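In: This is a predicted model, with the sequence first.
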Amino acid sequence: MTANATGLDRSSWLSRLCEHLPQPSTHRSGQRRHNLATATLPSPRLEHWRFTDLASLRHLDLAALHQRTSLSGLPGAGPGALRLSLDAAGGWVDGKGRPVAWPAGLEPMAAAEIEAALGRAAERCAQHQRDARRLGQELNDISAGPVLGLKVRGAGLPALELVLQPAAAHAWLAPRVLLQLEANSRLELLWSLRCNSTAVLLPTLEAELGEGASLHEALLAQGHGTASLFATSAILQGRHSDYRRTGVVWGWGLSREEPRVVQVQGAAGTSLRGLAVARDDSLLDTHSLVRFEGPDGRLDQCHQALADNAGRSVFNGSVQVPRPAQGTDAAQLSRNLLLSDHARIDTKPELEIVADDVKCTHGATISRLRDDELFYLQSRGISRHQAARLLQRGFFDAVVRQLPAVAAPWSPLQALLGASEVRP
Amino acid sequence: MSSLLPCCFPVCQSEPLLEVDDLHAEVEGNAILRGVSLRIHAGEIHAIMGRNGSGKSTLAKVVAGHPAYTVTAGTVRYRGDDLLALEPEDRARAGLFLGFQHPVEIPGVSNLEFLRVSSNARRRYKGEEELDTFAFEDHVRDTLPIVQMDPAFLERSVNEGFSGGEKKRNEILQMALLDPLVAVLDETDSGLDIDALRIVAGGVQQLARPDNATLLITHYQRLLDVITPDFVHVMVNGRILRTGDKGLALELEERGYDWVDQEDADSLAEVGAR
């Protein structure tokens, strides 16, 4: 018996899920579903799932799953952005519900190209992961899609915004995006997720960056206390390419972000910025992996988390520097604010360094709001409560300011702080 | 001219803005203030001098309401009301300002927004109209010349990456925007070069009016070369031992603090002998 105290039966949940999901469109997905139907959900005995309580999944009524999305209440798209959303049939459409008119530089991949590329980056990134269970990707694999494959050429392209907002409770949204960035091309991609009811969202990106290419992926994910998010990014970077990821996540009952990056030949730049705001009973988990397979690669990673009430944040940052990766320069920092005696932060760097001529640093801080900062603000007429909010805003802003301009209409700072303005 | 009075009670008919009476305070169980008494009236500039650890900065923090300090005896009245009953933010809104010896850096909080929120808190207390972002920015830019501050500092996080002099200018800028009735400036001159000292001290002088008062806490005479105090107090072991005019500051500069200590010891011995 593997049911936990909250009523989630880990042994049967996946098989019951497979019974209720729409049939997948590809043979590959069907095969994977067959395999997963006999598997169990990851056990807390697995190191990388030790702190990830999947109990939030119990809220989902598997018999009522749907893929309907809504565009109501969305802010306008950012200037120059190409906003896409899912239609009733699970396909990507533009902001007015019409088929997408792709601008020059963004070319949809043919079905055969998608079939050939699907899973390539994900599997490459997973090769060196000690823990083979990648639940988000597995669930995305067995879902009906949709899959959006794009070849990216040149610079000056509009930012691509993918909006996911379930129309009703018990949504199951599992889009996958494949990007192939040609040499020296540049793209900004924003996942805008807003979820107001029970749901499971599984946005998955696989991207291959050619030499000198640049991709900024941003995730702005506002969830609900009975909703679950599994966000996966699998990135293969060529030489002199630049991959930046900025993730801002809050409100979910459970979220599990898994950015995984392989610098295939080294000599590339990777920047990972994350902010997780875990209030109430929220459990927000980030497991990242960056692997350098050639020399002179760079990593600049900073994960920030705030845990309040009974919220919980988990961060596991894996950095792999094998022998060929001489000259690697990697920095990882985990900054955490713990605001309640009932909240919890688990943070763990996981550096595996074999190369001897490298510079790899890591650090982690867990603190409460500093009394000297609070008093300074109070001494200027700002109440302790408002001072605390100002300090939180400052903490959030360090990551939020890294979001691309296309995210601005969502007013992420205001959303993170709640509806009320900071006022004296 | 100086007196051996253990506290300062200047002869003045009006009600003091700030009245400290036999104040005792401690931090983590260690007594720091051991009976401080002080009266400050509108239009006055006071200076408190003393060695490191004599209790000067503790007095400033206790008056401002720092939660780490516990008042064990005595009273502090501000315009006749019990100041110690107020939260720090209420003291500030009512017009009490503390200029920090070590202004705190607050990453991620825009200096301009911080100034606007704090300034509006004070304006609301005074019954004045709060300023929106645009009106406040105009107001703050008009105020910047008082401390000759680069507008670029408004866009940065509060005190983050500021030099010592820039932080002190930012303190005086806040003082100008908050328009306090009593400003307690804790070692505003520390860490300043000569030019910065002149600018900061000049700003303080510009803000001094007949209806407000300033309490300067300092180690050195050099600040008092620019700002002429009406009263100079010497603090030793948590008490004000001696009060005089600017001449007392000059005497301290020339003779150091040993002679004050000695007089204190003699005074205590005399009391003991009686």
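Out: Great, that's in hand. Numbers count the residues shown, from 1 in each chain, chains lettered A, B, ... in the order given.

In: Count residues in the vicinity of residue A:229, would you?
Out: The tally of other residues near residue A:229 (other CB atoms under 10 Å in any protein chain shown) stands at 29. Every C-beta, even on glycine, is put in place using the N, C-alpha and C of the backbone.

In: where does it fall, helix, sheet strand or coil?
Out: Following DSSP: H, G, I helix; E, B strand; the rest coil, the label given to residue A:229 is strand.

In: ranges for the strands of chain B?
Out: Counting by DSSP state E, chain B has strands at residues B:2-3, B:18-27, B:30-40, B:45-50, B:69-78, B:81-82, B:96-99, B:106-110, B:157-158, B:182-186, B:213-218, B:231-236, B:239-244.

In: For chain B, what's the nearest residue on the stretch 101-250 of chain A?
Out: Proximity of the stretch 101-250 of chain A to chain B (CB to the nearest CB) peaks at residue A:248, 14.1 Å away.

In: so which helix or strand takes in that residue?
Out: In this structure, residue A:248 sits in strand A:242-250 according to DSSP states H and E.

In: okay, that strand in CSV with CA atoms only?
Out: Only the C-alpha atoms of strand A:242-250 are listed here, as CSV (Å, rounded to 0.1, in the frame of the first residue of the first chain):
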residue,chain,number,x,y,z
ASP,A,242,23.7,32.3,-24.4
TYR,A,243,20.8,30.9,-22.5
ARG,A,244,19.0,32.8,-19.8
ARG,A,245,16.1,31.5,-17.8
THR,A,246,14.1,33.6,-15.4
GLY,A,247,11.4,31.8,-13.5
VAL,A,248,8.9,33.4,-11.1
VAL,A,249,6.5,31.0,-9.4
TRP,A,250,3.9,31.5,-6.7
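
In: residues in contact with the nearest residue to residue B:78 once chain neighbours are set aside?
Out: Spatially, and ignoring its direct neighbours in sequence, residue B:78 is nearest to residue B:18 (5.7 Å; CB to CB, 6 or more residues apart in numbering or on different chains). Shown in contact with residue B:18 (CB atoms under 8 Å, 6 or more residues apart in numbering or on different chains): B:38-40, B:63, B:76-78, B:83, B:96, B:182, B:213, B:215.

In: now residue B:18, which residues is it bridged with?
Out: Under DSSP bridges, the beta-bridge partners of residue B:18 are residue B:40, residue B:78.

In: related to what we said a few turns ago, burial count for the residue of the stretch 101-250 of chain A closest to chain B?
Out: 26.

In: check contacts around the one residue in the stretch 151-300 of chain A that gets nearest to chain B.
Out: Residue nearest to chain B within the stretch 151-300 of chain A (CB to the nearest CB): residue A:275, separated by 11.4 Å. Shown in contact with residue A:275 (CB under 8 Å, 6+ apart): A:247-249, A:304-305, A:396, A:399-400, A:416.

In: switch the cut-off to 10 Å
Out: Shown in contact with residue A:275 (CB atoms under 10 Å, 6 or more residues apart in numbering or on different chains): A:246-250, A:284, A:286, A:302-306, A:335, A:395-400, A:402-403, A:412, A:416.

In: Of the strands of chain B, which stretch is the most buried?
Out: strand B:96-99 (a mean of 28; mean count of other CB atoms under 10 Å in any protein chain shown).

In: and it, what does it pack onto?
Out: If contacts are counted by 3 or more CB pairs under 10 Å, 6 or more residues apart in numbering or on different chains; DSSP states H and E, strand B:96-99 sits against helix B:56-64, helix B:88-94, helix B:164-178, strand B:182-186, helix B:194-207, strand B:213-218.

In: Please repeat the previous calculation with a cut-off of 6 Å.
Out: When contacts are defined as 3 or more CB pairs under 6 Å, 6 or more residues apart in numbering or on different chains; DSSP states H and E, strand B:96-99 packs onto helix B:164-178, strand B:182-186.

In: still on that earlier bit, what residues does the strand holding residue A:248 touch?
Out: A:214-221, A:235, A:237, A:255, A:257, A:259, A:269-277, A:284, A:402-403, A:412, A:416 (CB atoms under 6 Å, 6 or more residues apart in numbering or on different chains).

In: rewinding a little: residue A:187 versus the residue nearest to residue B:78, what's the distance?
Out: 62 Å (CB to CB, to the nearest Å).

In: How many neighbouring residues does residue A:364 have?
Out: Based on other CB under 10 Å, the number of other residues close to residue A:364 is 16.

In: Likewise for residue A:89?
Out: Counted with other CB under 10 Å, residue A:89 comes out at 8.

In: contacting residues for it?
Out: Here residue A:89 is in contact with no residue (CB under 6 Å, 6+ apart).

In: ok, back up a step: just the ones of the contacts of residue A:275 in strands?
Out: Using DSSP E, the members of the contacts of residue A:275 that fall in strands are A:246-250, A:284, A:286, A:302-306, A:335.

In: what's the farthest-apart pair in the residues you listed?
Out: Of all pairs drawn from the ones in strands among the contacts of residue A:275, the greatest distance, 17.1 Å, lies between A:250 and A:302 (CB to CB).

In: Between those two, point out the one with more neighbours.
Out: The neighbour count for residue A:250 versus residue A:302, taken as other CB under 10 Å, is higher for residue A:250 (22 against 19).

In: end to end, how far does stretch A:55-75 reach?
Out: 32 Å (CA to CA, to the nearest Å).

In: So what touches that stretch?
Out: If you take CB under 6 Å, 6+ apart as the criterion, stretch A:55-75 is touched by A:6-8, A:16-17, A:20, A:85-86, A:90, A:165, A:167, A:170-172, A:198, A:200, A:226, A:228, A:253-254, A:409-410.

In: Stretch A:126-139 now?
Out: Contacts of stretch A:126-139 (CB under 6 Å, 6+ apart): A:36, A:42, A:46-48, A:122, A:202, A:230, A:232, A:256, A:258, A:291, A:320.
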